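# Okay, here's the prediction I keep looking at, along with the sequence it came from:
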Protein chains: 2
Amino acid sequence: MPVLVVGSVGIDHIKTQTEDHPELLGGSASYAAVSASFYAPVRLVGVVGNDFPPQHRALYEAKKIDLEGLEVADGETFRWTGQYEADMNNRKTLSLALNVFEHFSPKIPASYKSTDFVLLANIAPALQSQVLDQIEKPKFVVADTMDLWIEIARPDLLALLKRIDLLVLNDSEAKALTEEGTAIQAGKKLLTWGPKFVIVKKGEHGAILFSKEKLFVLPAFPLDTVFDPTGAGDCFVGALVGYCASKGDASFATLKEALVHATLVASFNVEAFSLRRLEKLTKAEIEARAVEFKEAAGLA
Amino acid sequence: MPVLVVGSVGIDHIKTQTEDHPELLGGSASYAAVSASFYAPVRLVGVVGNDFPPQHRALYEAKKIDLEGLEVADGETFRWTGQYEADMNNRKTLSLALNVFEHFSPKIPASYKSTDFVLLANIAPALQSQVLDQIEKPKFVVADTMDLWIEIARPDLLALLKRIDLLVLNDSEAKALTEEGTAIQAGKKLLTWGPKFVIVKKGEHGAILFSKEKLFVLPAFPLDTVFDPTGAGDCFVGALVGYCASKGDASFATLKEALVHATLVASFNVEAFSLRRLEKLTKAEIEARAVEFKEAAGLA
């Protein structure tokens, strides 16, 4: 079944201690849509300026992503420049220009309105809600978020929680949102605020899936090193929803397997800058790493 | 088969933001020996002063720990006072008195010399080596260590690595010792310095077992909260060696299951101050939590 992905589309400039890469394809919707495309047909909703490079559009097209919902507005595409510290776990924003994204109001094409699997990738929660207003009875709605929205748009985020099936966020965000001291307490509290499922991501330490009845704890894929963590969380959630859509199901059992695939696609993504690794990634490589990962994590 | 445990025995005073507990049984050997005793007969090597409280000795005896190797020296027992910060992940030492431990030189009783499973719990690496000098052909030698020895006794620690089968240490220690940036790189490098196996512990994020051929990554048991993390690492390694001794084996497959039990016993230990939880812990409780943990971690 198809997946609708809404989020940001941008042009990133990423600096690490040793590398400097301008003009990269970025944005939460880019990473999420490309990741979901390994599992299911993807319908993209976002906005770019009329400067959006043809090679970036060509990457979406190569992944057979439906671009009817990708609005081209007069002006420049969203741009972000970030600098990673030596350990690659911390980064700072050097510059940010919202450009056409500043007045983005998601418009869902008629052909997308009955999509069953909906991923609200990381954008303002008010925009995520606007998307839900335009979708007819989705089967499974997943929302990603970030620390910024917890700080500046908390009421919008809390309202959104009552309308979604699964919230995905990282452990520091889960603790900040709930004011709980541990990821386990935070995940359990979030379940009482609306969503049927919560996933707390812990980066290199794995992730935890919560339902009211059960937990599933999964380590990360044991990578030697990380070249560029940008977009790893977006890839994670994109592959997760793509996997569920491919099964037409979002039960706890399906979500457990989806979490494995989310972890795998994110692990590939951090091996190169921007979407360069996913551009070349094949389904066979994912399957091979799935075997390796299940062996290393002792999974049944 | 029996396990020989050597390490520190002390009296701890532990403070958290809300609690204050003096006169607690502590020391790496105490936690490790009691944890190992759930799986195998334990032979303890350590030193206490003649002020060592009878109720602490009674706890060892209740766990059927062989105390022939517990020397009673003239003077006071090792004492440590620690203060935990609010998040329980960081602590500072408020006071430390080595007392009789200052001149401790481990003496292995004749009846212990042929022990096959040896745990060198956390003490100075030179003392750990002195123990090995007195043991006849052990089958499996495990050493724990800490940041202090990496800083002040690095040559001793590197020499020890060539004489042991398994090194257990936490991720920040592994990175500091190897000067590598990730736990995976650090674990792999440590394998080239002597031990056949390495375990990198990540506290609430689980642990990674390394051999030259394979990895095993395991999340931690998902606990709501932690009351007292003191000794968790010692319990981990004690249960690990105890489990191996109970099987008379230390293959990769046995170590994987041992890692599960190490995680479980450590998870019980942090539920109460000092050894109070392990004092009452039963084998049936461990088995019940093993079922729960394997379900939550999707283990085969």
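Here it is on my side, so go on. Residues are numbered from 1 along each chain as shown, chains lettered A, B, ... in the order given.

# got a list of what the most centrally placed residue in chain A touches?
For chain A, A:D234 is the residue whose C-alpha lies nearest the centre (C-alpha atoms, centre = their mean; 2.3 Å). Applying C-beta atoms under 8 Å, 6 or more residues apart in numbering or on different chains to A:D234 gives the contacts A:G7, A:S28, A:A29, A:S30, A:Y31, A:A32, A:S35, A:A121, A:N122, A:D144. Yep, even glycine has a C-beta here, placed from its N, CA and C like the rest.

# interface residues of the stretch 1-150 of chain A facing chain B?
Contact residues, the stretch 1-150 of chain A versus chain B (C-beta under 8 Å from any C-beta of the partner chain): A:A86, A:D87, A:M88.

# could those residues go into JSON lines alongside secondary structure?
Output for the residues of the stretch 1-150 of chain A next to chain B, formatted as JSON lines (DSSP: H, G, I helix; E, B strand; the rest coil):
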{"residue": "A:A86", "secondary structure": "coil"}
{"residue": "A:D87", "secondary structure": "coil"}
{"residue": "A:M88", "secondary structure": "coil"}
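
# ok, so of the residues you listed, who is nearest B:L67?
Taking C-beta to C-beta as the measure, B:L67 lies nearest A:D87 of those, at 45.6 Å.

# The residue nearest to the closest one when sequence neighbours are not counted: what secondary structure?
Spatial nearest neighbour of A:D87, excluding adjacent residues (C-beta to C-beta, 6 or more residues apart in numbering or on different chains): B:G181 at 6.5 Å. Of the three states, B:G181 takes coil according to three-state DSSP.

# Surely B:G181 touches A:N89?
No - under the criterion of C-beta atoms under 8 Å, B:G181 makes no contact with A:N89, lying 10.1 Å away.

# who has more neighbours, these two?
B:G181 (15 against 11; other C-beta atoms under 10 Å in any protein chain shown).

# ok, now how distant is that one from A:D171?
Distance, B:G181 to A:D171, using C-beta to C-beta, to the nearest Å: 21 Å.

# Same check on A:Y112?
For A:Y112 relative to A:D171 (C-beta to C-beta), the value is 33 Å.

# and what of A:F78?
In this view, A:F78 and A:D171 are 27 Å apart by C-beta to C-beta.

# The two - which one has more neighbours?
A count of neighbours by other C-beta under 10 Å puts A:F78 above the other of A:F78 and A:D171, at 24 against 21.

# Who does the more buried one form a beta bridge with?
Here A:F78 sits in beta bridges with A:G10, going by DSSP bridges.

# show me what contacts it?
A:8-11, A:27, A:47-49, A:97-101.

# Let me know the pLDDT of it.
The model reports A:F78 with a pLDDT of 97.

# do the same with the one 4 residues further on
What the model reports as pLDDT for A:G82 is 94.

# in a strand, that's where it is, yeah?
Yes - counting by three-state DSSP, A:G82 is part of a strand.

# Pull the number of nearby residues for the residue lying closest to it once chain neighbours are set aside.
Among residues not flanking A:G82 along the chain, A:R91 sits closest, at 5.0 Å (C-beta to C-beta, 6+ apart). For A:R91, the number of neighbouring residues by other C-beta under 10 Å comes to 15.
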